[in-house]
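# I'll drop the sequence and a predicted model, then ask my questions.
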Amino acid sequence: MIDVADVWKSFDAGKIAVLKGVSMEVARGELLALCGTSGCGKSTLLSLIAGLESLDRGHIRIDGRERITEKEKVALLRKEVGFIFQLHHLMPDLTLEENCLVPVIAVGGNMAAARKRMRDLADQTGVAHRLDRSVRELSGGERQRGALVRALMNDPHILLADEPTGALDEENREIVFSLLLDLVRSGGKTLVMATHDKEMAQRCDRVLHMRDGRILPA
């Protein structure tokens, strides 16, 4: 499903090397955890897979296809990939419902079907009663569960999660992570999750460890 081959990425005109020849494959339906300390390159790798950043050299193929143009990258992110950030990135002046519908509006989707899907996902994640509330009125756990709903609105094949529970307390961390696993597995989706939490990583199908921009040998 995801093929990363000899990927290099640097910033500041090449002065800061972040990824140094990363290669990995992720099977369709697999739940993969990327582990490593802050700054090892996990988040950058997820951004490259999603098309949020451009790589310096190497190849990333999604379902056998490599994105070349910016239009292809935007289409990938909107339709095929869902992204959950450590900080929810919901728009604070909108209601939770409005935030969740943004991805559907971006692709010109059917709004009636989208609202039904949103209500179903909101029921599963326990935020249905908060859909009409401003993001500013939601707790941290509710915001992150709302972000999970938003990421799944276009029914993407792939879900990328960057420390999805890192900003939550212990109780909400377990709630959100369990919901994430249940929704991914029940939907037959592929998950790549960056985390420094070893216990959460072990609940995935496979764990890869990163250090200094490289994936360590198993």
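That came through fine. Numbers count the residues shown, from 1 in each chain.

# ok, residues contacting the lengthiest helix in the chain?
When the chain is parsed with DSSP state H, its longest helix is helix 170-186. Helix 170-186 has contacts (Cβ atoms under 8 Å, 6 or more residues apart in numbering) with 31, 84, 121, 124-126, 139-141, 144-145, 148, 152, 159, 161, 164-165, 168, 189, 191, 200, 203. C-betas here are computed from N, CA, C, even on glycine.

# quick check: angle from the next helix or strand after it to helix 170-186?
Downstream of helix 170-186, the next assigned helix or strand under DSSP states H and E is strand 190-195. Strand 190-195 runs at 160 degrees relative to helix 170-186, counting by axes from the mean of the first three to the mean of the last three Cα atoms, to 10 degrees.

# direction included, what does strand 190-195 pair up with?
strand 31-35 (parallel), strand 158-162 (parallel) (DSSP bridges).

# could you list the residues in contact with that strand?
1-2, 26-35, 42-43, 45-46, 49, 157-164, 166, 180, 184, 200-201, 204.

# can you give me how far the helix or strand following it is from the chain middle?
Heading C-terminal from strand 190-195, the first helix or strand you meet, by DSSP H and E, is helix 198-202. The chain centre lies 17 Å from the centre of helix 198-202; the measure is Cα atoms, centre = their mean, to the nearest Å.

# quick one: buried residues of helix 198-202?
Using 16 or more other Cβ atoms under 10 Å as the test for burial, helix 198-202 gives 200, 201.

# mind listing the strands the helix or strand just after it pairs with, and their directions?
Past helix 198-202, further along toward the C-terminus, the next helix or strand under DSSP H and E is strand 206-211. Pairing partners of strand 206-211, with direction, according to DSSP bridges: strand 31-35 (parallel), strand 214-215 (antiparallel).

# quick one: contacts of the longest one?
Residues outside strand 31-35 that contact it (Cβ under 8 Å, 6+ apart) are 26, 42, 45-46, 181, 184-185, 190-196, 198, 200-202, 204-210.

# quick one, the helix or strand just after it and strand 206-211 angle?
Moving toward the C-terminus from strand 31-35, the next helix or strand (DSSP H and E) is helix 42-50. In terms of direction (the same axes, to 10 degrees), helix 42-50 departs from strand 206-211 by 120 degrees.

# still on that earlier bit, tell me the buried residues within the contacts of strand 31-35.
26, 42, 45-46, 181, 184, 190-195, 200-201, 204, 207-210.

# before we move on, what SS does residue 108 have?
Secondary structure state of residue 108, per DSSP: H, G, I helix; E, B strand; the rest coil, is coil.

# list the contacts of residue 13.
No contacts exist for residue 13 under Cβ under 8 Å, 6+ apart.

# distance of it relative to residue 111?
The gap separating residue 13 from residue 111 is 44 Å, by Cβ to Cβ, to the nearest Å.

# try residue 154
Distance from residue 154 to residue 111, by Cβ to Cβ: 13 Å.
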